[in-house]
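[1] Sharing a model prediction with you, sequence too.
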Amino acid sequence: MPTVAEFAAYLERFAPCATAAEWDNVGLLLGDPAANVSRVMTCLTVTPDVSAEAVREGVNLVVSHHPILFRGAKKLTTTTPDGQAVLPLLRAGIAVYSPHTAFDNCHGGINDGLCWRLGVANAVPLRPREARRQCKLVVFVPAADLQKVSDAVFAAGAGVIGQYNECSFRLAGTGTFYGTDSTNPTRRAEGPPRGGERVAARSRRAGASGCECRRDDAEGAQLRGAGVRRLPAQAGDRRRGRAVR
């Protein structure tokens with residue numbers, strides 16, 4: 001069963017709260033995000049009559065265009081209008097989500113709907129606002145860990161473009177580097193991403209996992225088991241090994 005948080009996340013994607021007016025009060029305004037939702041009520045404004053109907057009908061979530069507690073309440077009692085509307089919902093564990101001006105301003109929202117009804121073409125905002133800033137996340141990861149990493153970044157909120165979720169561009173590649181005498185490994189290396197071995201772990205910083213390494217790295221059961229073989233020594237050069245698949 002979906003939760004209040006899942007409904008709120010869907011509504012946020014459709015009408016991002018960042019597009020609401022600065023003076024507005026939008027989003028999840030009442031309730032437990034972890035609560036299950038089986039029935040949803042929509043309304044223009046939460047009034048005492050709306051609250052009574054929501055309780056009577058066993059509603060779990062009210063989506064109201066106008067927010068509750070819009071100007072801030074100093075007290076909530078059964079003798080105040082805010083209290084008469086909110087207290088029954090609070091006692092019944094009913095959540096309230098209000099998009100308000102976020103729904104006015106979003107793509108496909110109220111203003112777009114009005115323009116469509118009026119036959120207005122090529123409409124533009126009267127008061128343009130700076131769009132939400134986004135960034136591109138680039139990750140180099142071993143193929144075996146791709147699903148685990150992608151699930152984690154999507155769960156953290158990455159990969160949202162417009163009305164699409166879990167967006168990504170995946171491409172297999174080969175990383176390379178060429179170190180100096182002060183680095184270890186010190187020579188050129190390249191290979192497909194792979195994790196787990198000491199040689200691979202050093203190379204991942206440069207985007208590669210197969211690598212050439214010094215003699216002390218090539219000698220050892222751990223690296224030999226990882227598929228490291230020695231290459232013939234060259235005049236004036238250190239003996240090298242290459243991690244191979």
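    Arrived safely.

[2] How many residues are close by the nearest residue to Asp24 once chain neighbours are set aside?
    In this structure, Asp24 finds its nearest non-sequential neighbour in Thr101, 4.7 Å apart by C-beta to C-beta, 6 or more residues apart in numbering. For the C-beta atoms, the positions are set from N, CA and C on the backbone; glycine is no exception. Thr101 has 23 neighbours, counted by other C-beta atoms under 10 Å.

[3] and Thr101, what does it touch?
    Listed by C-beta atoms under 8 Å, 6 or more residues apart in numbering, the contact partners of Thr101 are 19-21, 24, 26.

[4] so where's this protein shaky on pLDDT?
    Scanning the chain for pLDDT under 70 picks out the ranges 129-132, 185-245.

[5] ranges for the strands of it?
    27-30, 40-43, 61-64, 95-98, 175-177, 189-191, 212-213, 228-231, 240-243 (DSSP state E).

[6] Around Arg71, count how many other residues there are.
    Around Arg71 there are 8 residues (other C-beta under 10 Å).

[7] Return the distance of the residue nearest to the spatial centre of the chain relative to Val4.
    Central residue of the chain (C-alpha atoms, centre = their mean): Gly157, 0.7 Å from the mean position. Counting by C-beta to C-beta, to the nearest Å, the separation of Gly157 from Val4 is 17 Å.

[8] Ala156 now?
    For Ala156, the distance to Val4 equals 20 Å [C-beta to C-beta].

[9] So for these two, which residue has more residues nearby?
    Neighbour tally, Ala156 and Val4, criterion other C-beta under 10 Å: the higher count belongs to Val4, 23 against 9.

[10] okay, now Ala9: neighbour count?
    Close neighbours of Ala9, defined as other C-beta under 10 Å, add up to 17.

[11] List the residues that contact Pro81.
    Pro81 touches Pro48, counting by C-beta under 8 Å, 6+ apart.

[12] tally of neighbours for Val63?
    Val63 has 17 nearby residues by other C-beta under 10 Å.

[13] wait, isn't it in contact with Leu11?
    Yes. Taking C-beta atoms under 8 Å as the definition, Val63 is a contact partner of Leu11 at 7.1 Å.

[14] Identify the contacts common to these two.
    97, 99.

[15] Give me the buried subset of the contacts of Thr101.
    Among these, those scoring as buried are 19-20, 24, 26 (criterion: 16 or more other C-beta atoms under 10 Å).

[16] what's the closest of those residues to Ile161?
    Nearest to Ile161, judged by C-beta to C-beta, of the buried ones among the contacts of Thr101 is Thr19 at 15.7 Å.

[17] Please report how far that closest one lies from Thr101.
    To Thr101, Thr19 is 8 Å away according to C-beta to C-beta.

[18] Repeat that for Leu126.
    Leu126 is 13 Å from Thr101, by C-beta to C-beta.

[19] thinking Ala143 is in contact with Ala172, fair?
    Yes. Look at Ala143 against Ala172 with C-beta under 8 Å: they come within range, at 7.3 Å.
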